[in-house]
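Chemist: Sequence first, then the predicted structure, then my questions.
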Amino acid sequence: MQEVIQVLILYVIIINAAGFLAMGIDKRRSRSRRKWRISEAAMFTVALFGGAPGCIAGMYLFRHKTMKPAFQYGMPAILVIQVVAILIILFLSPLKFRIM
């Protein structure tokens, strides 16, 4: 069980780093019209797979996509849905979860 928790923690760290870096890289590349950009769909995909906190942190740290309603409301909505889903799984599931 300890190994599963370690893998989940590592996954959360990696996916959030990916979301954070995606925002930073896209912001830097937005200044040059000749470089390829990271699509908004790719950013939302990272958020959906658990990287919403990293994407949100990158949005506000790099001041990127903060004026777009899809990002203003979409990223926090994804985060809220994920937190609620985790809480439902942990507390309302018939399975017994023990943390550590």
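Modeler: Thanks, I have it.
Chemist: State the three-state secondary structure for residue 96.
Modeler: At residue 96 the chain is in coil, as set by DSSP: H, G, I helix; E, B strand; the rest coil.
Chemist: what's the spacing between it and residue 62?
Modeler: When distance is defined by CB to CB, to the nearest Å, residue 96 is 42 Å away from residue 62. C-beta coordinates here come from the backbone N, C-alpha and C atoms, glycine included.
Chemist: Does the top helix by length along the chain pack against any helices or strands, and if so which?
Modeler: Counting residues, the longest helix in the chain under DSSP state H turns out to be helix 2-30. When contacts are defined as 3 or more CB pairs under 8 Å, 6 or more residues apart in numbering; DSSP states H and E, helix 2-30 sits against helix 40-46, helix 52-62.
Chemist: Can you give me the neighbour number for residue 7?
Modeler: Neighbour count of residue 7, defined by other CB atoms under 10 Å: 10.
Chemist: separation between the nearest residue to residue 43 once chain neighbours are set aside and residue 41?
Modeler: Nearest residue to residue 43 in three dimensions, chain neighbours excluded: residue 22, at 5.5 Å (CB to CB, 6 or more residues apart in numbering). Using CB to CB, residue 22 is found at 11 Å from residue 41.
Chemist: swap in residue 35?
Modeler: Per CB to CB, residue 35 is found 18 Å from residue 41.
Chemist: The two: who's more crowded?
Modeler: Higher neighbour count among residue 35 and residue 41: residue 35, with 11 against 8, using other CB under 10 Å.
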